[in-house]
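Novice: Sequence first, then the predicted structure, then my questions.
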Amino acid sequence: MQHTRTRPSIRAPRALSAIRAGALALGLLGMSFIAVPAAAGDVGGAFTYQGLLRSGGLPFSGTVSVEATLYASEADGFPISGPLVFPAVEIVDGLLVLDLDFGLLAMNGDPRWVELKVNGETLAPRQAIRPAPYALYALNGNEGPQGEPGPAGEKGDKGDKGDKGDKGDQGLQGVQGAQGVPGAQGQPGPQGAQGPQGLPGPAGASPFTLVGLNAIYTQGNVSVGTSNASRRFNVRAMSDSSLLGYRNANDLERWNTRLEPDDALRFIYSPTDKAQLALYPTRVEVLDLSVKSGAVVDADSTTSDLFSIRTPVGTPRWRMALTGGDTNLSFINATNGAAELTLDQAGGQAIVRKLKIIGGSDIAEPFNVAAEGTEEVEPGMVVAIDPARVGELRVADKAFDRNVAGIVSGAGGVDVGMTLTQSGSVADGAHPVALTGRVWCWCDADANGPIEAGDLLTTSATRGHAMRCGDDARAHGATIGKAMSPLRSGRGLVLVLVNLQ
């Protein structure tokens, strides 16, 4: 079937309709349909619509929205296809051009009309579709009968060899063949584990007697590393001076001995390789020495020295010796020969050249102190002599008390420096009371005014608390000491230099 593309043009006899776009009135005066080129056998249903749009008798230029709907009748009826919506169509000099495609099923050879809406207004009448679009339908008709086969063409050249195909699946395993001839014998395998020990054989001739797992030798002396058997057990040192090694139950060496070229026999702790004890022909050196109860230390037969403490290079620093007819024990400065500390056995006293105490700052005596009810005696409380109990004290509870005795030591983290006591006598007790030195004391600044450093302090009516004196006449005989820190109000601890007056 032969098809010739044509471009028919149809001029409308009159204005079809009037539309409005804002204040703009438009009239469609003419249109034409043009088939869209397509390849034979795949034509499609698209065609081009063209029309002339005027406004006020003049060609319109601008942008409008257009809807196109396909009908089977000139008026009324239901749409066959569409609407096709074109929201923004550019009009130049009145020319309206649309590409319409209602589909091949809609173009079956029956009459068809197109209805247009411009800016929402329907243009009338509908426009009939003319032959040009229906030429497309003819291209999609039924196929004709097959023609006669043409003559065979010449044989073409041999084509190139094709690519190698994929490897096929593995075939089934074949039947196992007959067993072959045995091969040559291989090399012997490694030796197996040792078997259990056999029964002991009969005892042979030996200078040792076996008792269970123990060997006993009673025939003479034993020598190791030497043919000299002058002693029961003789050991010759090795080239590194080693003699014996001592191992624990886990077979780890812990100690060893060495005989050095200077004839010093050293006992060495193996993990650190440090000599803890060295025996010299004229002295003994010990790295650390701890003498426990029951141990006896004898004086040297030629001197009174018990111990001599030297520097690592051998310079004497200290000696411990028996003095005073062997009844005193003295620690002597080896540099000047002076006894810095002597323990006098007969007098029951320690004699020192100088004494410095660094554990506390006051001198105290222990007293038993009476308190009321469940009251506990606390460090820092002011105490006074108890007339009802000889040698004992009570918590002070009245102002300007001439029986004031001191302050219980230990408040504020300051400990007693020295305690004077005689156990089992009236000069003993449970609470250390500072008689002189620096201690923290509980004070009441509201009892007699704010306390400043340098103020004399006395007892107050607040139990266990001191206060500012402020009255020299009443302070005589009732003064505890001087304040060394302020307390301007309320109750609290004040550092006091104890000086009873």
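Specialist: Alright, I've got the coordinates.

Novice: quick one, what contacts the nearest residue to residue 383 once chain neighbours are set aside?
Specialist: Spatial nearest neighbour of residue 383, excluding adjacent residues (C-beta to C-beta, 6 or more residues apart in numbering): residue 393 at 4.3 Å. C-betas here are computed from N, CA, C, even on glycine. Residue 393 is in contact with 367, 368, 369, 370, 383, 384, 385, 386, 405, 431, 433, counting by C-beta atoms under 8 Å, 6 or more residues apart in numbering.

Novice: What are the phi and psi values at residue 393?
Specialist: phi -120, psi 170 (degrees, to the nearest 10).

Novice: can you give me the strands in the stretch 201-350 of the chain?
Specialist: 208-211, 214-217, 222-224, 233-235, 242-247, 253-259, 265-269, 274-279, 284-286, 305-310, 316-323, 328-333, 339-344, 349-352 (DSSP state E, counting those that start in this stretch).

Novice: Adding mean neighbour count, write those out as JSON lines.
Specialist: Listed next are the strands of the stretch 201-350 of the chain as JSON lines, based on neighbours: other C-beta atoms under 10 Å:
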{"stretch": "strand 208-211", "mean neighbour count": "10"}
{"stretch": "strand 214-217", "mean neighbour count": "10"}
{"stretch": "strand 222-224", "mean neighbour count": "13"}
{"stretch": "strand 233-235", "mean neighbour count": "14"}
{"stretch": "strand 242-247", "mean neighbour count": "13"}
{"stretch": "strand 253-259", "mean neighbour count": "16"}
{"stretch": "strand 265-269", "mean neighbour count": "17"}
{"stretch": "strand 274-279", "mean neighbour count": "15"}
{"stretch": "strand 284-286", "mean neighbour count": "13"}
{"stretch": "strand 305-310", "mean neighbour count": "15"}
{"stretch": "strand 316-323", "mean neighbour count": "16"}
{"stretch": "strand 328-333", "mean neighbour count": "18"}
{"stretch": "strand 339-344", "mean neighbour count": "16"}
{"stretch": "strand 349-352", "mean neighbour count": "11"}
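
Novice: Would you reformat those strands as TSV and include distance to residue 101 and mean pLDDT?
Specialist: Converted to TSV, the strands of the stretch 201-350 of the chain look like this (distance: least, C-beta to C-beta, whole Å; pLDDT from 0 to 100):
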stretch	distance to residue 101	mean pLDDT
strand 208-211	120	78
strand 214-217	118	79
strand 222-224	119	81
strand 233-235	120	78
strand 242-247	106	86
strand 253-259	104	90
strand 265-269	106	90
strand 274-279	107	86
strand 284-286	117	76
strand 305-310	120	74
strand 316-323	120	83
strand 328-333	124	86
strand 339-344	125	86
strand 349-352	126	84
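
Novice: how about those strands in CSV, adding distance to residue 427?
Specialist: Output for the strands of the stretch 201-350 of the chain, formatted as CSV (distance: least, C-beta to C-beta, whole Å):
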stretch, distance to residue 427
strand 208-211, 68
strand 214-217, 66
strand 222-224, 67
strand 233-235, 63
strand 242-247, 56
strand 253-259, 53
strand 265-269, 50
strand 274-279, 47
strand 284-286, 42
strand 305-310, 35
strand 316-323, 31
strand 328-333, 27
strand 339-344, 22
strand 349-352, 17
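
Novice: These: which one's closest to residue 175?
Specialist: strand 242-247 (68.4 Å; C-beta to C-beta).

Novice: Put the alpha carbons of the closest one into PDB.
Specialist: Extracted C-alpha coordinates of strand 242-247, given in PDB (Å, rounded to 0.1, in the frame of the first residue of the first chain):
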ATOM      1  CA  SER A 242      80.100 -20.300  92.300                       C
ATOM      2  CA  LEU A 243      79.900 -23.000  94.900                       C
ATOM      3  CA  LEU A 244      76.400 -24.200  95.600                       C
ATOM      4  CA  GLY A 245      72.900 -23.400  94.300                       C
ATOM      5  CA  TYR A 246      69.700 -23.800  96.300                       C
ATOM      6  CA  ARG A 247      66.500 -24.500  94.400                       C
END
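
Novice: Identify all contacting residues around it.
Specialist: So strand 242-247 is in contact with 235, 237, 253, 254, 255, 256, 257, 258, 259, 270, going by C-beta under 8 Å, 6+ apart.

Novice: can you do 7 Å?
Specialist: 235, 237, 253, 254, 255, 256, 257, 258, 259 (C-beta atoms under 7 Å, 6 or more residues apart in numbering).
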